[in-house]
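>>> Here is my input, please return the structure:
(chains A and B)
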Amino acid sequence: MQRTSEQLRVSGGRVDGVECASEEGVGIRVAVPGHGFGFAATREATKTGLELALARAVSIARALPGSQRRGPLPPVLPARGHWASACEIDPFALSLEDRLELLLRAESLLRGDPRIVRGVAESLAIRTAAAFASSDGAAFTQERTECGGGISAYAAADGELQQRSYPSGHGGSVALAGHEHLIALDLPGHAPRVAEEALALLSAPPCPAGRTTLVLGGEQLALQIHESIGHALELDRILLGEASYAGASWVSASDVGTLRYGSPLLAISADATLPGGLGSFGWDDEGVAAQRTMLIEGGVLRATLSDRQSAAAVGASSGGAARADGFTRQPIVRMTNVSLVPGEGGTLEQLIAEVPSGVYMETNRSWSIDDRRLHFQFGTEIGREIRDGRLGRLLRNPTYAGVTPQFWGSLEAVASAPAWRLWGLLNCGKGEPGQTAHVSHGTSPARFRDVEVGVLR
Amino acid sequence: MSGEGELALAERALAHLAGDEAHVTVTRERSLFARFARSAATQATAIDDTSVELLCVLDGHTGAASTNQVHDAGLADAASRARAAASAAARNGQGAYPGLPRPAPVIGHDGYDEATAALDAGLAASALAAAFAACRDAGLEAFGIWTAGEVTTAIASSTGMALTDAVTDAHMTVIARDVNGRSGHRASSSVAAGDIDAAALAATAAARVTRREPEQLAPGDYAVVLDHAAVGTLLDFLGSLAFNGLAHTERRGALCESIGSAVAAPCVTLVDSTQIPGTLPRSFDAEGVPKRPLPLIENGIARAVVYDTRTAALAGTESSGHALAPGGDPEGPEPTNLVLAGGDAATLEELCAPIERGLFVTRLWYVNTVEPRHALLTGMTRDGTFLIEDGMIGRPLHDVRFTDSALRMLAATEQLTRAQRLVGDADLYGRRFAKGVLCPALRAGAFRVSGGSA
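Prediction:
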C-alpha cells in the first residue's frame, strides 16, 4: 500500500501549515485455525522483509490462547482486476501556491470583526494505491483519491465562544473525488455568512429546554445515522468482538428481519458503489466486491454490516465491509456509505412549513452515545426557532437527546431526492490499535416529533 | 534499520536539507497488540515501522513532509517536498514561526524497560490466560487488550540538536461481562509489562459485576466518587480545553480569564510532569524542547497553560516543552503527562463514607465537549455504576449520562485518595504515542446526571 497526503491550513491571514506525508508498506494477515487473526506490518517490501512479517504474524497468532469457535474463513469468489475512483482534477498535479491562494482568500473573508478570534480554511488531498493478494486466489489493485476542505470561524465575547463552519464541522467536506470537489464547495462565497452567523450566535438566546418538533439539517443527520445506526449495525460489535473498546450494540443478530428500528419512513442503505462516497471501493480489504445492501427498509432491520468472519459466525455471506486504515492495521468491520434514502417530504422549507412550533439544528459540534449505541446526545453549531412554519431567531448551543429506536420511530418526514447529498466523515475511530475510517453518509433533511432539546445541563 | 541508529538516520535526512533551517524527527515503533473477546484471542497485531518527519523553516513559515522510506531517494523526495511546502507558505509574506529552538540540556528518565522492549508474545499469552481464568472462576467472560511497545525518537536540527529518547509502555484492559451484559472494568498502564498483574485486573473487574438487577437513577445533581479511570478521562479532556496555549491566547480556552484565580477546590493540585514516578516519561517534546515539571493548578489556583515554540511566540513567552508535532500542531500544544496530586483518603470506601446518597462511577465513556469555553462535557458512565447509600457502595445502577463542567467538578472536589493510578488507553491512533494521566480517585459534591439508560 502506498498513501500520499497533503494537508493545507490557513489561519489569521497566514499559512498555518503545509504537511505532506507519504508511506508505503505491506500488511500480512493470517487466519490460523483454532486461533485469532495474526497480523504483522512492515515497510520492508523485500522478500526477506515479507517473510519475516509473515513469520511474525503466524507466531503471534499461535502464541495466544486459542479458540475452538473459529475455523477457516468461508471462501469467496477470487477478486481480480483494477478499480480507481473518479478524479477530474488531480490535486497533486496542482501547485501548492494555487491551492493555498484559494484558502487564503476564503479565510480573509472570515475576519474583520475583532470578535472573530480565529478563522481557519483548510484542505486535504489523499491518494491511496493498494495491491491485494490472498490465498483464496484474489489479486487486484485499486486507487482512491480523496479531496475536500472547509472553513470555520470562532467568535468570542463576554465569556461566550461560538463556532460556525462550512460546509461541515470537523475538517469540512471531503469526498472520493479530485480538486473539483473543493472548487465546487465555493469556500470564499460562503465565508462572509459563516462569520456573520458566528458573531450573531454570541448574543443569540440559548436553545430552550423541552420536548418539541426537531428538524435536522443534512450534515447533523449524517452524524446521527453514523452513530445510532451505522455503528449499531456493525456485526462484529453485535457479536461482542469489540465490546472492550468500541462497545457492543443494542441490536442482536437474531433481530434481522423483525426488529422495528424506526418509523415506516426510515430506509437506510449501505452502498460501497456510490460515486463520491468515502466508503466506496472496488473490493473491501478482504477481497469482497463492493455491494449495495439495504440495512433498513420500511423501518425494519434487514441486514447488518459484516466482514467474512462475522458473517460466517451467523451463517451469512460477507457484506463487504472489511476495511483497514493503512498497511499497519488489519481489516475490521467498518461502515461503507450508510445513507438515508430520500423521502417525499419536498424541500427543507416544506418540512419546516408544516411545523407550528419547533427547532431547526444544523452542523455538528458535539456528539456522544453509549456503548450500545442507544442513548445519545448531540449538539450543533447553530439552531433556529421554528414558529408557524417559518424559521425564526437564532438559538445558541442547541442540543438534543434521545434513545435510538424511539428517536427513529419519531421520524415523520424526509426531504425529497433533490435535497439529498453526501457528507464525508474523516474521524471514525475504532479498533486497537486505533484505526480512523473515512466514510460518507447521504442524507436529506428530516423532521422528528417530540424530541428532547436544550439538554445542556 | 540495517544497523543504522535512529539519530544517524535523522542526521542523514537532515543532510538533504543542508543550507536550510530544518528539523528532522525519526520515530521507530515496534509494538504488539493482543485483543480478546469472549475469553478468546481475536486479533494480534505486530508493527515495526519507522517514520521520518522533515520540517523546513523559511521566513517564519514551516513546511513539513514525512516518509517511511528511509533510503536516500525517499529522504531526498521528502526533503524536496518540505522545502517546496515552506516556500509556498512563505510566498505571502513573513509568518509567525519564530525559528527552531536551540539545543538545551534534557533530563534523563527511567521510562525504558528491556523486557518490555522484547515484545514477547509469550508474555501477552500469559496475561490473556490469567485474565481468562480469573473471569471463568467468576462465571464471566473476559474482553480487552494487552499491548506493549517500544518507541525510539531521534531529533537532528540545523540549530545543532542531536537527541535520542527511547521509551517503552505496556497496557492491559480487562472487561468482565456476564450473559446479561453487566460488566466491570479494570485497566493498568506502565512503563514495564511486568508491572501489569492480569489476574488482579480481571479479579477487580469481575468483582464489579453484581448479580443484582440495576436500577434507574433520575437526572439531577449527585455527590459522586469517581474512580481513577473516570478522573483520568476528565483530566485528559481538561488538558486540551483549559491548558492549550493556542486556545488560551486566542481567548478560546477555559482558563483564559482565570490564571491566578481559584478554579478548583484547595485540595486540587495538577501538574504536568515526566519526573514523577508512575508517569510515562519522555525527555523532550516534538520540537526537542526539554520536558520540565509545570504546575498548572496549585491548591485550586490556576497557574499556567502550556506552549510550544509557535504559540509561545504569539503569547510573548517561552515554550514550556509541550509541542505535539515538529513546528507545533495546528491545534496547539497540550499537556501529555498530567499528574493530579493524591489526597489523604486511604481507600475508596473512605471517600464514600460521608455520602448519604450519591453514585460511584468506575469509568466514563464517549466523553465529548459541549461548550469548550466552560469545559462543559457530556458522556456516559460504563462498566460499573453504583448507588452510594449511607456511605456504602451498594445497588448497581444503569449507566447514566452526565453533562457537567470538568472545572465545576474540580471546584466541588472534597477529598482524594492517597493512591494514584496511571490511566491510559490502548487505542493508540497513528504512530504510537502512549500517554496517561496519573491521578487518584476523588469525591466531589456535585456531578450532574442529565439522563439515564434503562
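
>>> okay, and for the stretch 1-150 of chain A, where does confidence drop off?
A:67-71 (pLDDT under 70).

>>> residue boundaries of the helices in it?
Along the stretch 1-150 of chain A, the segments classed as helices by DSSP state H, counting those that start in this stretch run A:47-63, A:96-108.

>>> Adding mean neighbour count and distance to residue B:190, write those out as a markdown table.
Where you see a C-beta, it was placed from the backbone N, CA and C, and this is true even at glycine. Output for the helices of the stretch 1-150 of chain A, formatted as a markdown table (neighbours: other CB atoms under 10 Å in any protein chain shown; distance: least, CB to CB, whole Å):
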| stretch | mean neighbour count | distance to residue B:190 |
| --- | --- | --- |
| helix A:47-63 | 18 | 21 |
| helix A:96-108 | 19 | 44 |
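
>>> Any chance of JSON lines for the ones you listed, columns distance to residue A:152?
As requested, those are exported to JSON lines (distance: least, CB to CB, whole Å):
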{"stretch": "helix A:47-63", "distance to residue A:152": "41"}
{"stretch": "helix A:96-108", "distance to residue A:152": "10"}
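
>>> how about these in CSV, adding distance to chain B?
Output for the helices of the stretch 1-150 of chain A, formatted as CSV (distance: least, CB to the nearest CB, whole Å):
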stretch, distance to chain B
helix A:47-63, 4
helix A:96-108, 4
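
>>> Select, out of these, the one closest to residue A:146.
helix A:96-108 (14.7 Å; CB to CB).

>>> For residue A:186, give me the pLDDT.
The per-residue pLDDT reported for residue A:186 equals 98.

>>> Pull the contacting residues for it.
Going by CB atoms under 8 Å, 6 or more residues apart in numbering or on different chains, residue A:186 touches no other residue.

>>> longest helix of chain B?
Assignment by DSSP state H gives helix B:72-90 as the longest helix of chain B.

>>> residue contacts, whichever residue of the stretch 351-457 of chain A sits closest to chain B?
Going by CB to the nearest CB, chain B is nearest to residue A:434 of the stretch 351-457 of chain A, at 3.5 Å. Going by CB under 8 Å, 6+ apart, residue A:434 touches B:427-430.

>>> let's go with 7 Å and repeat that
B:427-429 (CB atoms under 7 Å, 6 or more residues apart in numbering or on different chains).

>>> So which of those wins on neighbours?
When the contacts of residue A:434 are compared by neighbour count (other CB atoms under 10 Å in any protein chain shown), residue B:428 ends up highest, at 23 neighbours.

>>> could you point out which element follows the longest helix of chain B?
Using DSSP states H and E, the helix or strand that directly follows helix B:72-90 along the chain is helix B:114-117.

>>> Mind listing what's buried along that next one?
B:116-117 (16 or more other CB atoms under 10 Å in any protein chain shown).

>>> CA-only coordinates of it, as CSV, when you get a sec.
C-alpha atoms of helix B:114-117 as CSV (Å, rounded to 0.1, in the frame of the first residue of the first chain):
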residue,chain,number,x,y,z
GLU,B,114,14.4,-4.0,28.3
ALA,B,115,12.0,-6.9,29.0
THR,B,116,9.0,-4.9,27.6
ALA,B,117,11.0,-3.9,24.5
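
>>> Give me the helices and strands touching that helix, please.
Here helix B:114-117 is seen to pack against strand B:162-177 when contacts are counted using 3 or more CB pairs under 7 Å, 6 or more residues apart in numbering or on different chains; DSSP states H and E.

>>> could you check whether the strand it packs on is close to chain A?
Yes - remark: strand B:162-177 sits within contact range of chain A at B:173, B:175, B:177, by CB under 7 Å from any CB of the partner chain.

>>> The last one touches residue B:143, doesn't it?
Yes - assessed by CB atoms under 7 Å, residue B:177 is found in contact with residue B:143 at 6.0 Å.

>>> These two: which is more packed in?
Neighbours per residue, other CB under 10 Å: of residue B:177 and residue B:143, the larger number sits with residue B:143, 30 against 26.

>>> rewinding a little: joint contacts of residue B:177 and residue B:143?
residue A:243.

>>> State the distance from residue B:330 to chain A.
Counting by CB to the nearest CB, to the nearest Å, the separation of residue B:330 from chain A is 5 Å.

>>> Once you drop chain neighbours, what's closest to that residue?
residue A:17 (4.8 Å; CB to CB, 6 or more residues apart in numbering or on different chains).

>>> How about stretch B:13-23 and chain A, touching?
No - Stretch B:13-23 does not reach chain A (CB under 7 Å from any CB); its nearest approach is 13.6 Å.

>>> tell me which residues in that stretch are buried?
B:13-14, B:16-17, B:20-23.

>>> ok so, going back, which of the helices of the stretch 1-150 of chain A sits closest to residue B:29?
Using CB to CB, the helices of the stretch 1-150 of chain A put helix A:47-63 closest to residue B:29, at 14.2 Å.

>>> From the chain's centroid, how far away is that closest one?
33 Å (CA atoms, centre = their mean, to the nearest Å).

>>> same for that helix, what does it pack against?
strand A:26-31, strand A:37-42, strand B:40-58, helix B:121-137.

>>> Now tabulate those in TSV and tack on mean neighbour count and distance to residue A:451.
Converted to TSV, the helices and strands packed on helix A:47-63 look like this (neighbours: other CB under 10 Å; distance: least, CB to CB, whole Å):
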stretch	mean neighbour count	distance to residue A:451
strand A:26-31	20	43
strand A:37-42	26	41
strand B:40-58	25	38
helix B:121-137	21	40
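
>>> Ok, which of these comes nearest residue A:206?
Of the helices and strands packed on helix A:47-63, the one closest to residue A:206 (CB to CB) turns out to be strand B:40-58, at 43.3 Å.

>>> A strand includes residue B:186, no?
Yes - counting by DSSP: H, G, I helix; E, B strand; the rest coil, residue B:186 is part of a strand.

>>> distance of it from residue A:74?
37 Å (CB to CB, to the nearest Å).

>>> Check residue A:443 too.
Distance from residue A:443 to residue A:74, by CB to CB: 34 Å.

>>> Could you check which of the two is surrounded by more residues?
Neighbours per residue, other CB under 10 Å: of residue A:443 and residue A:74, the larger number sits with residue A:443, 27 against 14.

>>> My read is that residue A:402 contacts residue A:451, right?
Yes - using CB under 7 Å, residue A:402 is in contact with residue A:451, at 6.0 Å.

>>> ok, those two, which is more surrounded?
Higher neighbour count among residue A:402 and residue A:451: residue A:402, with 25 against 22, using other CB under 10 Å.

>>> helix or strand for that one, which one?
strand A:399-403.

>>> Give me the contacts around whichever helix or strand comes after that strand.
Note on strand A:399-403: by DSSP H and E, the next helix or strand toward the C-terminus is helix A:404-409. With CB under 7 Å, 6+ apart as the test, helix A:404-409 has contacts from A:228, A:232, A:250, A:261-263, A:266, A:373-374, A:448, A:451.

>>> how does chain B divide into domains?
For chain B, automatic domain parsing gives the domain ranges B:6-207, B:220-452.

>>> ok, which residues in the stretch 301-450 of chain B are in contact with chain A?
Going by CB under 7 Å from any CB, the residues of the stretch 301-450 of chain B near chain A are B:330, B:365-373, B:378-380, B:382, B:399, B:401, B:403, B:426-429, B:448, B:450.

>>> among those residues, which ones are buried?
Applying 16+ other CB under 10 Å to those flags B:330, B:365-373, B:378-380, B:382, B:399, B:401, B:403, B:426-429, B:448, B:450 as buried.
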